[in-house]
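**Q** For reference, the sequence and a predicted model appear below.
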Amino acid sequence: MWRYARIAVAGLGGIYVLVLVALFALMRQPPMRFALTIAKVPGPLFSLVPFRQLWMSARAGQLRVGDPAPDFLLETLDRKEWVRLSSFRGEKPVVLVFGSYT
């Protein structure tokens with residue numbers, strides 16, 4: 001009987017590790033793909049998984065305090081032109097806001 005219990009516990013532990021690895025890999029995907037997929041995950045799963053720790057590890061970047069921001073290109077709000085972050089270097093301060101204040 002104990003042998004079967006050990007096999008069951010080992011099997012459940014293996015499944016749990018596979019779920020964690022799959023969730024970590026999903027968190028490394030682009031945000032829209034992650035959002036579309038995670039919306040289908042049953043809510044009770046979040047109480048069984050160290051979601052915050054996985055998220056912080058999966059989405060941690062390589063930048064450190066004092067590092068220059070990586071260069072990127074964005075379309076203006078009026079969609080008439082594109083602006084590159086590096087074009088402002090040495091000219092004026094730039095503040096990047098990701099999110100909404102509404």
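**A** Yep, that arrived.
**Q** Please settle this for me: is Ala60 part of a strand?
**A** No: Ala60 is assigned coil when assessed by DSSP: H, G, I helix; E, B strand; the rest coil, not a strand.
**Q** So for stretch 50-70, mean pLDDT?
**A** Across stretch 50-70, pLDDT averages out at 86.
**Q** List the contacts of Met56.
**A** By Cβ atoms under 8 Å, 6 or more residues apart in numbering, the contact set of Met56 is empty. In this view, the C-beta of every residue, glycine as well, is placed from N, C-alpha and C.
**Q** mind checking the SS state of it?
**A** Met56 ends up helix, using three-state DSSP.
**Q** State the distance from Ser57 to Met27.
**A** Counting by Cβ to Cβ, to the nearest Å, the separation of Ser57 from Met27 is 8 Å.
**Q** And those two? Which one has more around it.
**A** Neighbour count, other Cβ atoms under 10 Å: between Ser57 and Met27, Met27 has more, with 18 against 12.
**Q** Surely that one is in contact with Thr37?
**A** No: Met27 lies out of contact with Thr37 (Cβ atoms under 8 Å); the separation is 9.9 Å.
**Q** Can you list the residue ranges for helices in this structure?
**A** With helices called from DSSP state H, the chain shows them at 2-27, 31-38, 45-48, 51-58.
**Q** got a list of contacts for stretch 20-39?
**A** Outside stretch 20-39, the residues touching it (Cβ under 8 Å, 6+ apart) are 49-51, 54-55, 57-59.
**Q** Tell me, how many residues neighbour Leu26?
**A** Leu26: 15 neighbours (other Cβ under 10 Å).
**Q** Test for you: state the pLDDT assigned to it.
**A** So, for Leu26, pLDDT stands at 90.
**Q** Straight-line length of stretch 40-54, end to end?
**A** 18 Å (Cα to Cα, to the nearest Å).
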